[in-house]
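S.K.: Can you look at this prediction? I've put the sequence above it.
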Amino acid sequence: MTGADPLASKRVVLGVTGGIAAYKAVELCRRLVDAGAHVSPVMTEDATRFVGEVTFSALASEPVRRSLWGGPEPIPHTRLGQNADVVVVAPATARFIGCYAHGISDDLLTATVLATRAPVVVCPAMHTEMWEHGAVQDNLALLRRRGVVVVPPAQGRLAGGDTGVGRLAEVDDIVRSVRAVLGGPDAAGDLSGVKVVVSAGGTREPIDPVRFITNRSSGKQGHALADAAARRGARVVLVTTTERPVAAGVDVVRVDTAAEMEQAVLSAAADAGVVVMAAAVADFRAKAPATSKLSKADGVPDLVLEPTPDILAELGRRRRPGQVLVGFAAETDEVEDRARAKLGAKGVDLVVANDVAAPGAGFDHDTNAVTILGAGGGSTRVGLTSKEAVADAVLDAVAECLSAGPEGPDERGARRAR
Ligand code: C5P
């Protein structure tokens, strides 16, 4: 982190509700205090069944509050809500989310989030079945529309030995999201104020209403790029085919087909400073998808394919002065040569060459190994590492292009090569 910590001297209300992940809120509390924040903990009755209130009282800046009644202050929720710079609820149960979405203030925490004008960061944690329930998702969508920042749960081990989505986000991710909320768009970061559009995932091209052509892209690298750009201060629009979680503050546009992706990317790119096409866009689609399910009884269908629009090439044609364009080249053979050819063919500043056949690299892995090729002939090799680290390396190259100023990729690249 560069510059002052946005958490320093900030008043944080930390709401803890009754889920097994309440024990992780202890670490969160400690991290917020260590960063210089004044933390006022509020626990629900059920939270105290998982973690003792003494633990939070000892670590936080004030003793735990649990109730609207019986304390020294007659109206604790208004004072807490009015004084807060941010309210963080971690873990947030389905009950809390439902009450908050519907304005039901049946305890001190729900009353506080309704009484505050400060930003609210909600970190859900629950079993996969509950997380995926329409009621929970609708309530979260409602909260998001009202400006609440939702830090989505991660995938992993859950209570009772189950595995799935629903685990509280990592404490690091929660702290990062709170910092981003407090720091606002001008938070210290080399992409501060820059609009960055990222595409992610593999497109799905229908053959009939139930079948489609797609590829193995998981969207992990694109999502890591969107998260990293947001952390570095960018305003991020992520056009994705996947339901993967994203960092707080990233605007998500969900699409399926190359045509939908084209429309979303071109419209978001019109005023963007940077566009990173990490998506694996299908190269071909069915020329005339069947309107009803193709039946096996009718025999093998003649599938006529046509090319999809090349979004990146279109971006290259429409490029605004100073706009930085980044493509990905997922190849299995002659990786660098083919990637280099794309630099010119698509008129982009950078191509990230990705040998998707190499061990640990490419589709669906958590790791990747790439070579970042510049239009002027320069290249940076990034050995096998996390997709997050690859994302930062790509954004380092993007930041370098941005600082080079509003000139075409050839001249910019030539300058870098000199
Ligand atoms: O030409 P090729 O498909 O290998 O180029 C890959 C790059 O072009 C990726 O950045 C991908 O997102 C982008 N692309 C695109 N539209 C397509 C196909 C690929 O924007 N139809």
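M.R.: Great, that's in hand.
S.K.: Mind listing what's buried along the helix ranked longest in the chain?
M.R.: Counting residues, the longest helix found in the chain (DSSP state H) is helix 387-403. Neighbour counts over helix 387-403 (16 or more other C-beta atoms under 10 Å) mark 387-395, 397-402 as buried. All C-beta spots, glycine's among them, are computed from the backbone N, C-alpha and C.
S.K.: Of those, which is the nearest to the ligand?
M.R.: Looking at the buried residues of helix 387-403 and their distance to the ligand, the nearest is residue 394, at 11.5 Å (C-beta to the nearest ligand atom).
S.K.: what's the pLDDT at the closest one?
M.R.: Per-residue pLDDT puts residue 394 at 96.
S.K.: And for residue 156?
M.R.: If you check residue 156, the pLDDT there is 79.
S.K.: how does the protein divide up, domain by domain?
M.R.: Domain ranges of the chain: 11-187, 190-417, per automatic domain parsing.
S.K.: Out of those, which gets nearest to the ligand?
M.R.: With C-beta to the nearest ligand atom as the criterion, the ligand lies closest to domain 190-417 of the domains of the chain, at 3.3 Å.
S.K.: where does the stretch 201-350 of the chain dip in pLDDT?
M.R.: For the stretch 201-350 of the chain, applying pLDDT under 70 flags no range at all.
S.K.: At the contact with the ligand, which residues of it appear?
M.R.: Neighbours of the ligand within the stretch 201-350 of the chain, by C-beta under 6 Å from any ligand atom: 258, 277, 279, 281, 283, 308-312, 327-329, 342.
S.K.: roughly how far apart are residue 325 and residue 371?
M.R.: 17 Å (C-beta to C-beta, to the nearest Å).
S.K.: ok, these two, which is more surrounded?
M.R.: Comparing residue 325 with residue 371 by other C-beta atoms under 10 Å, the one with more neighbours is residue 325, at 26 against 19.
S.K.: ok, the closest residue to the more buried one other than its chain neighbours - contacts?
M.R.: Nearest residue to residue 325 in three dimensions, chain neighbours excluded: residue 348, at 4.1 Å (C-beta to C-beta, 6 or more residues apart in numbering). Neighbour list for residue 348: 312, 315-316, 325-327, 342, 375, 409 [criterion: C-beta atoms under 8 Å, 6 or more residues apart in numbering].
S.K.: count of residues packed around residue 291?
M.R.: Neighbours around residue 291, by other C-beta under 10 Å: 8.
S.K.: Give me the phi and psi angles of it.
M.R.: Backbone torsions of residue 291, given as degrees, to the nearest 10, read phi -90, psi -20.
S.K.: Distance check, it against residue 98.
M.R.: Separation of residue 291 from residue 98 (C-beta to C-beta) stands at 39 Å.
S.K.: do residue 74 as well
M.R.: Noted for residue 74: a distance of 28 Å to residue 98, by C-beta to C-beta.
S.K.: likewise residue 116?
M.R.: From residue 116 across to residue 98, the span is 18 Å (C-beta to C-beta).
S.K.: Neighbour count: the two, which is higher?
M.R.: Using other C-beta under 10 Å, the more surrounded residue of residue 116 and residue 98 is residue 116, with 20 against 17.
S.K.: Wait, that one touches residue 81, no?
M.R.: Yes. Residue 116 is in contact with residue 81 according to C-beta atoms under 8 Å; the separation is 3.5 Å.
S.K.: what do these two both touch?
M.R.: The contact sets of residue 116 and residue 81 overlap at 13, 87 (C-beta under 8 Å, 6+ apart).
S.K.: show me what contacts the closest residue to residue 200 other than its chain neighbours?
M.R.: The shortest distance from residue 200 to any non-neighbouring residue, by C-beta to C-beta, 6+ apart, is to residue 222 (2.3 Å). Contact analysis of residue 222 by C-beta under 8 Å, 6+ apart lists 198-201, 238, 240, 276, 278-279.
S.K.: Most widely separated two among those residues?
M.R.: The largest separation in the contacts of residue 222, counting by C-beta to C-beta, is between 201 and 276 at 13.1 Å.
S.K.: So what's the gap between the longest helix of the chain and the chain middle?
M.R.: 16 Å (C-alpha atoms, centre = their mean, to the nearest Å).
S.K.: CA-only coordinates of the helix or strand hosting residue 78 in PDB, if you can.
M.R.: Per DSSP states H and E: residue 78 is located in helix 76-83. Once non-C-alpha atoms are left out, helix 76-83 reads as follows in PDB (Å, rounded to 0.1, in the frame of the first residue of the first chain):
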ATOM      1  CA  PRO A  76     -27.400   3.500  20.700                       C
ATOM      2  CA  HIS A  77     -28.300   2.700  17.000                       C
ATOM      3  CA  THR A  78     -28.600   6.300  16.000                       C
ATOM      4  CA  ARG A  79     -25.400   7.300  17.700                       C
ATOM      5  CA  LEU A  80     -23.500   4.300  16.200                       C
ATOM      6  CA  GLY A  81     -25.100   4.900  12.700                       C
ATOM      7  CA  GLN A  82     -24.500   8.700  12.700                       C
ATOM      8  CA  ASN A  83     -20.900   8.500  13.900                       C
END
